[in-house]
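give me the fold of what follows.
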Amino acid sequence: MIIRARIEHAKVLSELGAETFVDAHKESAPATEIETYLSEKYSIAAIAKELADVSNIYHLLWHDNKIAGFSKMVLNSKHPSVILPNASKMDQIYLLNSFHGLKLGAKLLQYNIEFSKSQGQHGIWLVVWAGNKQAITFYEKFDFHVVREDKFQLTDRHTSPCLLMLLDYANS
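Numbering: from 1, shown residues only. This next block holds a predicted model:
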């Protein structure tokens, strides 16, 4: 089951986000930098603020009555390297490790693609850590392609190399 997250989901999104971010990015930066990022981006207050902003669309994925993952999308999100009009940004999509291998990540991504299309979007772009080969391969299976190399500003002291990837609905 996939539902749209609401303000009352701030605590569960904070916990889920922190755990899945560490699992996906623990090799991308020193632990102190990861902790700084988590305290700024995944505190309950920070997530509640995100949920209060109507431009942020969070979805929660449930499997066997347990929360398995979440996504965050922003419609009509501009990037200088994305020339599509009305493109969505897949800002976050994470699945707990214990649910890997069940095709739930594919289910959540497909749900977001269909949601984006239903909102008149022409594609989805995202930024993925260049060291996360599993995620890059996953996105490529959905016809995302690399647009450019980029940098992700984790903290004021650390950037991580990343890739900007795009799924153009007209070409998929």
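
which ones are touching the residue nearest the centre of the chain?
In the chain, the C-alpha closest to the average C-alpha coordinate belongs to Gln92, at a distance of 1.2 Å (C-alpha atoms, centre = their mean). The contact partners of Gln92, taken as C-beta atoms under 8 Å, 6 or more residues apart in numbering, are 17, 70-72. All C-beta atoms are positioned from the backbone trio N, CA, C, and that covers glycine.

show me what it is bridged to.
Under DSSP bridges, the beta-bridge partners of Gln92 are Lys72.

can you give me the distance of it to Leu61?
12 Å (C-beta to C-beta, to the nearest Å).

which residues are in contact with both of the two?
By C-beta under 8 Å, 6+ apart, Gln92 and Leu61 have these common neighbours: 70-71.

circling back: report pLDDT for the residue nearest to the centre of the chain.
Per-residue confidence (pLDDT) for Gln92: 90.

what does Gly17 give?
Note on Gly17: pLDDT of 87.

would you list the phi and psi of the nearest residue to it once chain neighbours are set aside?
Residue nearest to Gly17 in three dimensions, not counting chain neighbours: Tyr42, with 4.5 Å by C-beta to C-beta, 6 or more residues apart in numbering. Per-residue torsions, Tyr42: phi -120, psi 20 (degrees, to the nearest 10).
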